[in-house]
Each structure stands twice: as C-alpha cells, then as structure tokens.
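Colleague: can't give you the sequence, but here's the structure:
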Ligand SMILES: Cc1cc2nc3c(=O)[nH]c(=O)nc-3n(C[C@H](O)[C@H](O)[C@H](O)COP(=O)(O)OP(=O)(O)OC[C@H]3O[C@@H](n4cnc5c(N)ncnc54)[C@H](O)[C@@H]3O)c2cc1C
C-alpha cells in the first residue's frame, strides 16, 4: 500500500530538482502513465454493460422545441429547468448513458460562497434543488450530504477575502461564520491550525451524488413531459441562414434519425467543442486531466466538513470515514485528442503532476502522512 507521505518522497527522489518540465515529461511513480492512457476501471464494465442495450433507449421524435445534447450534470439540470419553465416538447440525447462523461466521477463538492454574486445565487439555487426541491417533487433522494464547508485562510489577505464572502453571502441568505484557529480546531480536531489566521465555515455546504442527482433530475423532467434518450450520439447539427443572414439551428442528426428543432443546448462537456463544430460554432474549451485520490480509513474524520485551502490549492472531501484529496493543477496535462469512445472511463494518475497537492494536504491534516491510498480518480475536466 502507498502512503501519501511516501508517495511525495518517492516522486521527489526521482526529480532533484523537480522542474516544471520534468514534472510534465517523466513518469516515476507510475510508469504506465501517458498523456492519454485510459485506466482499466471496474466501473466501465458494470456501468456500460448493465443492460446490454446497444441502440437508443427510446424512439426518436420527429421534432422538438429544444434538443439538449449531453446527459451529464449540465444537461440534466438544463432539461429539468426547461420543464420547470413550462416546456414539455424537449429531448435530451446522450451518446452513452447518463453521467458517462465527467459527471459520474466528480468529487461533487458544492461550496456556496464565491466572489461573484451570480455564482453565489446559482449555487444557492442548485443546492436548494438537490437538497430539497427534487426530493419533494419526486419522493426520491438525490444523495445530498450536508457536512458543511470550511475555507482555510493562512494569511491576513485570505481571511479578509473570506470576510467579504461572508458579507456577500448574507445578502443571499447564506449562513457562514469566521472562526478563529482555536474554534476551527474544536470543529475539526484532526486539523493543523498552527499556521492559520482563521477559517470561513459554511454549515449548509456539502457534497452531491452525481448519479443520484442526474437520475432524479431526469425522472422529474420526464414526469413533466420531457424525453431522455440514451445510447444516441449526435452526429450532426443542420443549420440554415435566415432572411437576416443569421445562422439558425434546423435539425439534429443521429445514426437513428433526425430531429427537427429550432434550438439546441450544447451540454457535451469536454466534447462541446466537437459539437459546436458540427454547427460551425467555435466553443473555446480546453480539456485536461483532473484528479483526486481516495484514502484509506482515517480515525476521527467522520462527519467533518469538506475543506478548501485556496493558498495550497487543495481540497479535502469527506468520503464516509476517509477523505478524497484533490486540487487544481498548475501544470495540468491537456487532453488534445478528445475521444468519442471515452465513457465511464478514467486516465492513469500522473503522480508528477498530482504530488504538488500532497504537501499542502499533509500539512493541513497531518494524519494523512501515514494514511494509505485506496484508489485514484483522474478524469477529463475543462
Ligand atoms: C476528478 C474531477 C473532480 C471534480 N470535482 C468537482 C467538484 O467537487 N465540484 C464541482 O462543482 N465540479 C467538480 N468537477 C467538475 C464537474 O465534475 C464537471 O464540471 C461536470 O461534471 C461537467 O458536467 P457536464 O454535464 O458539463 O459534462 P459531462 O458530465 O462530461 O457530460 C457531457 C455528456 O455529453 C455526452 N456527449 C458527448 N458527445 C455527445 C454527442 N455527440 N451526442 C450525445 N451526447 C454526447 C457525454 O457522453 C457526456 O455524458 C470535477 C471534475 C473532475 C474531472
């Protein structure tokens, strides 16, 4: 078993000094890893082959008011909200099964406080939908876990920023508290607070379950009249030029038929650029690898809030009695050749890239130094 602390030392031992170039070009911990190597994961078989269906799960309608392309988090939310706005003749087309792209393996962290008021409003709304509205409407649980969120400030500027976030949150009714290091220690006994200025605690932050959320969204939308069709890749988007010289969507093509529609919503995640090209539209997205590791059990971690340390660029997500440790890579591996066959798949983790998060994570929760890694999750993000 590899321990987080050991991994960091092994990767460091390979690179003395560890330059950005050597990080990106060498593979020390895992020699299998290349920029686009897919990982063999058990989920792939179970999720892909659960029912052996190869064609579309429903017949295609001849026309629709809106066609949503992509059945991940964004597509399912879009479909549900269109239905809530009163539209019924709406269709979602998913190439594989719902969540097959990025959504199935997301860490699912939901932090309500962000610097932009639009985002704060959107996140508060999303939280409300997945934590209560959907359950009231469908009787189904989405898998939402409200374990709270804790932002770490290890300098005065960061704490000032969090105080501003708290004020912004108040305007939108989001409960939050600035905690001293001692109060933070009371809340999270396993945390090292020696280098802290303080923290921002948001008790109603939490973690969404991607599969549960998307299933519930699609059921709610279907009950309101929408149609969800899986195993149905879009192969083309027909456009026409109107009398004013403006390009308008006319129809969506698949191998199983064409749907006439005046409106398409491109929710194809890292495939959105490819979809855009079908309609002659440039979608400026870059696909890259993003990763977290899941640890073995940590005594005393149960019920702790999720942690975001912006200065260390690390997040710690509660996963039962363990943690998922991830962060935002400064030197990500880009996925230039986005594959149409990639569904419920992962990449091998590149430890050279990932190790930048380990020191920050171990500094914040020292118990991680001696904690084993149960699994790695490295998938496509934008
Ligand atoms: C490791 C990791 C951890 C993350 N953690 C978090 C987190 O904690 N919090 C957070 O907010 N975000 C997180 N993210 C980001 C978040 O998961 C994504 O932003 C989100 O899941 C993207 O959803 P989506 O619907 O846009 O894309 P996707 O889930 O990729 O959905 C796109 C769908 O389009 C389908 N599709 C593609 N081409 C076609 C076609 N031609 N026809 C029909 N369908 C097509 C695909 O099969 C796919 O199902 C994380 C990302 C990664 C990689």
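Modeller: Perfect, thanks for sending it. Quantities reported herein were computed from a predicted structural model and do not represent experimental measurements.
Colleague: Looks like residue 104 contacts residue 210 (just checking).
Modeller: Yes. With contact defined as C-beta atoms under 8 Å, residue 104 reaches residue 210; the gap is 5.9 Å. Glycine gets a C-beta too; all of them are placed from N, C-alpha and C.
Colleague: Which residue is the nearest non-sequential neighbour of the closest residue to the ligand within the stretch 151-300 of the chain?
Modeller: Using C-beta to the nearest ligand atom, the single residue of the stretch 151-300 of the chain nearest to the ligand is residue 269, 2.6 Å away. In space, and not counting its chain neighbours, residue 269 is closest to residue 101: 4.5 Å by C-beta to C-beta, 6 or more residues apart in numbering.
Colleague: and what of residue 233?
Modeller: Counting by C-beta to C-beta, 6+ apart, the residue nearest residue 233 is residue 95, at 4.0 Å.
Colleague: phi, psi of that neighbour?
Modeller: phi -60, psi -40 (degrees, to the nearest 10).
Colleague: For it, list the residues it contacts.
Modeller: By C-beta atoms under 8 Å, 6 or more residues apart in numbering, residue 95 lies in contact with 70, 231, 232, 233, 234, 271, 340, 343.
Colleague: OK, contacts around the residue nearest to residue 269?
Modeller: 70, 72, 268, 269, 270, 271, 342, 343, 380.
Colleague: Just to be sure, it is in a helix?
Modeller: No. Using DSSP: H, G, I helix; E, B strand; the rest coil, the assignment for residue 101 is coil, not a helix.
Colleague: Just want the phi and psi numbers for it.
Modeller: Main-chain torsions, residue 101, degrees, to the nearest 10: phi -80, psi -100.
Colleague: now residue 129
Modeller: phi -60, psi -50.
Colleague: where does it sit relative to residue 109, distance-wise?
Modeller: Distance, residue 129 to residue 109, by C-beta to C-beta, to the nearest Å: 16 Å.
Colleague: Strands along the stretch 151-300 of the chain, start to end?
Modeller: Listed in chain order, the strands of the stretch 151-300 of the chain (DSSP state E, counting those that start in this stretch) span 177-179, 198-202, 206-207, 227-229, 234-241, 247-254, 257-260, 264-266, 288-295.
Colleague: picking that back up, just the buried ones out of the contacts of residue 95, please.
Modeller: Buried members of these, scored by 16 or more other C-beta atoms under 10 Å, are 70, 231, 232, 234, 271, 343.
Colleague: need the contact list for residue 106.
Modeller: Residue 106 touches 73, 210, counting by C-beta under 8 Å, 6+ apart.
Colleague: Please verify my assumption that residue 376 contacts residue 289.
Modeller: No. Residue 376 is beyond contact range of residue 289, at 11.2 Å (criterion: C-beta under 8 Å).
Colleague: Neighbour count: these two, which is higher?
Modeller: residue 289 (23 against 19; other C-beta atoms under 10 Å).
Colleague: Leaving out chain neighbours, which residue sits closest to the more buried one?
Modeller: Among residues not flanking residue 289 along the chain, residue 333 sits closest, at 4.4 Å (C-beta to C-beta, 6+ apart).
Colleague: phi, psi of the one you found?
Modeller: According to degrees, to the nearest 10, residue 333 has phi -90, psi 120.
Colleague: my guess is the residue of the stretch 151-300 of the chain closest to the ligand meets residue 104, correct?
Modeller: No. Assessed by C-beta under 8 Å, residue 269 is found out of contact with residue 104, at 11.1 Å.
Colleague: All set now, cheers.
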